[in-house]
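Student: Quick one, fold the following:
(chains A and B)
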Amino acid sequence: MVIRSTRRLVAVALVATAGLVAGACGGNDPSDATTATVAPVTTDAGSTDATDAPDETAAPSTAPVFTNAPTTTAAAEPEPTPGGTLRVGIEGESTGYAPYLDPWTNAGHNVAKAIFDTLAVYDASGKVVPFLAESITGNTDATVWTIVLRDGISFHNGEPLDAEAVRLNFQAVLDSAQYKDQLSLLARMTVVDDLTLELTMSSPWGTFPNTLVGVIGTQVGYMAAPAMLASPEGSRNPIGTGPFRFVEWVPDDRLIVERNDDYWLGAPYLDGIEFRPIADSTARKAAFDAGDIDVYYTGSSSEIVEYFEQQAAGEVGVTIGAPSEPDVVMFNTANAPLDDVRVRRALAMSVDIPRLYDYLEATGVKQPLTGPYASSSFWFVESDYPAYDPAAAAALIEEYEAEVGPVTFEFAGGQDPFITSYQELFQSMWAEIGAEANIVSRAQSENIDAVLNDDFQVILWGGIGGGDPDADYTQFHSGGLNFSNFTDPAIDAAMDAGRALADPEARKEQYAIVQQILGEQVPYIWTGTNQFGVITQAGVNGIADFTLPDGDAGQPINGGRFYLKDVWIAA
Amino acid sequence: MTSVLVSRLARLLAVLLAVTAASFCMVSLLPGDTVTAMLGANASEEDRAAVREELRLDDPLPVRYARWVGDAVTGDLGTSYRTRQPVTEAIGQRIGVTLQLVVLSQLIALAVAVPMAIFGALRPGSLLDKLLSSTQLALLATPGYLVAVGLMAVFAVQLGWFDTTGYVRFTENPLLNLKSLLLPALALAAEQIALYARVLRTDLVNTFDQDFIWFARAKGNSTRRIVLRHALRPSSIGIVTLTGISVGRMIGGTVLVETIFSLPGLGRYTIDAINNRDFMALQGAVVVLTVGFVLVNFVADLLHGVLDPRIRTAVRPA
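Tutor: Coordinates of the predicted model:
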């Protein structure tokens, strides 16, 4: 547990750093320090819960599933055309492609998702569903998990994907000094039969299936061929079960894959993909604008908005990914006047979200929130989070001032002038209801120190929500890293219960309690989601598609990571 | 000549030892350590100790350095801690790109700077001289990043004459290879053009004022002949020296250019090694860069002798 807490601390620091900068400025790159999207447990093969999926899942080829933003240009697409090589600009190079050895950024994951498959993926609602696995089943107290694999899947070198192969992959992780923490609760593995692996945990692990989806910091779910695991050169010669086979890698120049005609879900449309690492973001955009690459992705809202105009002219496609960690304004609820819920609600009620998005050039990209999870998330429930109502907010401030005194506080943010101007926007909105915010501009590290030392009143923050609620355990539970100092015994109980349950619906009930309380008590103002956009040249189709084995829609874009198996280029 | 070569080789070895030793020390003084870079901050003490033992990182620095030198003389520059790729192999894959880039940029810089300097020096203070001088100042004042991005925006994005990124190997297609390197080389050459032109112009102006040039003019030689036959050679010592020194600076500049134009060169390898505390990769890169720097300056010294017989006489052993 000490290790997990430490990791969380580091993650929070990283995310907070990103939140302080990116969250408040036009960049808006969501941090990848924590899981980007919700991910509960699945115990039934391909059992996507249709009632949870948004309507867009009915038309996956035309809709960016998680957004009300403009959609990809593929709306009028004809029948997919096989052939062609897709050139994908990625933001950096990886040290190698061994899931158990090489730490991947989005760039590495995007290459990996072409070559490898994971045991589980997200469905359209952000729920974890089996992928290479037929089922992933936990016992009642989530101490024993059984993975049953789909029959007939082979690696690119012909080796079968069986229970022993999965065991070897997990063992490689356990043998890896870098990554063994990811399976720290795994006590024993038993190969039951060719397709069944039983995993015994040292303590309840309700969120284990989340580990089997490939996201930043978690690569356990990618399955590599046993021959690759055994080879010292495996990292540079990846062998998976994915839709494309590895061909060639020239570090810092290109990585080439070709179609896997024997892919277990049917051969992909593309002949191949050339991944080009372009580290400089300006150069990456220039390469796209010049037509030297067909696809790239960006976390910059203003950049995405810029491409919306070209999309309207049919020149490019813009597909928005699932929301990740939101931007928040965090209150220190142990500190007057923020210890009074009337003040917190008033401050939230006076924030005009569209004005914020205009400033951030993020209109149409960011989504308003009423809690830690976007309305498209499996975990989302309605709450009593206050709506925009400056008149009511002013009344609450007046009531507080009559009883206690003036509402004055420090509002901290980064040193970038862009962030300071963003803070001034809040300041003016709060001034309109009679609250006085004094802006404090500090280096990111100083802000993080201030939060860790409980030396703040109101601050621009990030790294809360967006993913599986259990990832927010230390933020919402009393003690630990609960920086807002807002605690409630009911929240503690719900967070504890959610952690020990395997059934997603049962977990959701617990996290609904948490959301209701947070909505009423407002320890945070949720200012909006962060999303990546995948930009494609005209003629590139299917980027918003990711079809699951049962034909349902999966989540095509998560953070800056996406799938290319259903992509095709118009002839 | 042989003794000069022997002397130079001895100096090269001394420089190599000094630079690699200094690099070893400096990297060890940097905050953070290799094990953390490899395993992450949350690795257990046992794992960290195992890796330190495996890599023998707990040995005293001089011992580690001596071991590294022992391997290096056999051609084994070790294995990258980060990528697990032999450093010699990685450098072999990248050195050609950087060499091509540096050579091409030098050729461009000299091809542009020499005429600029001559035209400016022929009529010092003229409108043309002032115009050329202002251009050089602008090139010197413009950050390399802006030059690179600007060239890309104009010639690749707007005009579409070049690709924005990507490298074509010479063995694949020599013409496309040249095309893929031209913009990056131009970006790298921009500052050098200004430096070379300013140094050569000043030297030429001084040379034009020498008696032998007046004699040549009095004999009725054409300006073209005076410049090319009489003035350019004695005025070139400064620019040759500067070229030798500049190569070292350009190697640093390749980091930026290789990053912007996505070229798989040694510059990016070096900066990745520094960022990731990859001792072995960094040491290998330092050796190659040092050898390159010393060799280029060795050639520059030899050229001094060709350009000025007095220098040739001075270096000849008594």
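Student: Which single residue of the stretch 351-500 of chain A approaches chain B most closely?
Tutor: A:S445 (13.9 Å; CB to the nearest CB). All C-beta atoms are positioned from the backbone trio N, CA, C, and that covers glycine.
Student: how about that residue, secondary structure?
Tutor: Secondary structure, DSSP: H, G, I helix; E, B strand; the rest coil: A:S445 is helix.
Student: Backbone dihedrals for residue 97, please?
Tutor: By default, I'm working from chain A. Backbone torsions of A:Y97, given as degrees, to the nearest 10, read phi -130, psi 40.
Student: before we move on, which element is the nearest residue to it once chain neighbours are set aside in?
Tutor: In this structure, A:Y97 finds its nearest non-sequential neighbour in A:P238, 3.9 Å apart by CB to CB, 6 or more residues apart in numbering or on different chains. A:P238 is part of no helix or strand, with elements assigned from DSSP states H and E.
Student: So A:P238 sits against A:L101, correct?
Tutor: No - counting by CB atoms under 8 Å, A:P238 does not reach A:L101; the two are 10.9 Å apart.
Student: Pick out whichever of these two has more residues nearby.
Tutor: A:P238 (27 against 21; other CB atoms under 10 Å in any protein chain shown).
Student: Where do the helices of chain A begin and end?
Tutor: Here chain A has its helices, by DSSP state H, at A:2-18, A:106-115, A:163-174, A:226-230, A:281-289, A:301-312, A:341-349, A:353-360, A:390-403, A:417-431, A:444-452, A:473-476, A:489-500, A:504-521.
Student: Save those helices as a markdown table, and put in mean neighbour count, distance to B:A10 and mean pLDDT too.
Tutor: Formatted as a markdown table, the helices of chain A follow (neighbours: other CB atoms under 10 Å in any protein chain shown; distance: least, CB to CB, whole Å; pLDDT from 0 to 100):
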| stretch | mean neighbour count | distance to B:A10 | mean pLDDT |
| --- | --- | --- | --- |
| helix A:2-18 | 18 | 50 | 36 |
| helix A:106-115 | 25 | 46 | 95 |
| helix A:163-174 | 20 | 50 | 96 |
| helix A:226-230 | 19 | 48 | 96 |
| helix A:281-289 | 21 | 44 | 90 |
| helix A:301-312 | 19 | 56 | 88 |
| helix A:341-349 | 23 | 74 | 97 |
| helix A:353-360 | 17 | 62 | 92 |
| helix A:390-403 | 16 | 80 | 97 |
| helix A:417-431 | 18 | 56 | 92 |
| helix A:444-452 | 18 | 49 | 80 |
| helix A:473-476 | 22 | 62 | 87 |
| helix A:489-500 | 17 | 68 | 92 |
| helix A:504-521 | 20 | 73 | 94 |
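Student: Would you mind listing what in chain B touches chain A?
Tutor: Contact residues (CB under 8 Å from any CB of the partner chain) of chain B with chain A: B:38-44, B:47-48, B:50-51, B:82-85, B:90, B:93-94, B:149, B:152-153, B:156-157, B:160, B:163-167, B:258-265, B:268-269, B:272.
Student: got the contact list for B:R11?
Tutor: B:V294 (CB atoms under 8 Å, 6 or more residues apart in numbering or on different chains).
Student: make that A:S421, sorry
Tutor: The contact partners of A:S421, by CB under 8 Å, 6+ apart, come to A:Y359.
Student: which phi and psi does the residue nearest to A:Y97 have?
Tutor: phi -70, psi 140.
Student: got it, and A:D455?
Tutor: When quoted as degrees, to the nearest 10, the phi and psi of A:D455 stand at phi -110, psi 60.
Student: returning to that earlier point: nearest to B:D278, out of the helices of chain A?
Tutor: Comparing the helices of chain A by their distance to B:D278 (CB to CB), the top pick is helix A:106-115, with 17.2 Å.
Student: Just the CA coordinates for that closest one, please, in CSV.
Tutor: Output in CSV follows, covering the C-alpha atoms of helix A:106-115 (Å, rounded to 0.1, in the frame of the first residue of the first chain):
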residue,chain,number,x,y,z
ASN,A,106,0.9,7.7,-26.5
ALA,A,107,3.3,7.3,-29.4
GLY,A,108,4.4,3.9,-28.2
HIS,A,109,0.8,2.8,-27.4
ASN,A,110,-0.3,3.7,-30.9
VAL,A,111,2.3,1.6,-32.5
ALA,A,112,1.6,-1.2,-30.0
LYS,A,113,-2.1,-1.1,-30.7
ALA,A,114,-1.3,-1.9,-34.4
ILE,A,115,1.0,-4.8,-33.6
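Student: how far does that helix sit from the chain's center?
Tutor: 15 Å (CA atoms, centre = their mean, to the nearest Å).
Student: For chain B, give me its nearest residue in the stretch 101-250 of chain A.
Tutor: For the stretch 101-250 of chain A, CB to the nearest CB, closest residue to chain B: A:A177, 3.8 Å.
Student: Which residue of chain A lies farthest from its centroid?
Tutor: Of all residues in chain A, A:A402 has its C-alpha farthest from the mean position, at 43.9 Å, by CA atoms, centre = their mean.
Student: Please tell me how far it sits from A:A431.
Tutor: Counting by CB to CB, to the nearest Å, the separation of A:A402 from A:A431 is 19 Å.
Student: ok, A:W264 - how many residues close by?
Tutor: By other CB under 10 Å, the residues close to A:W264 number 17.
Student: what's it in contact with, if anything?
Tutor: Residues counted as contacts of A:W264 (CB under 8 Å, 6+ apart) are A:150, A:152-154, A:241.
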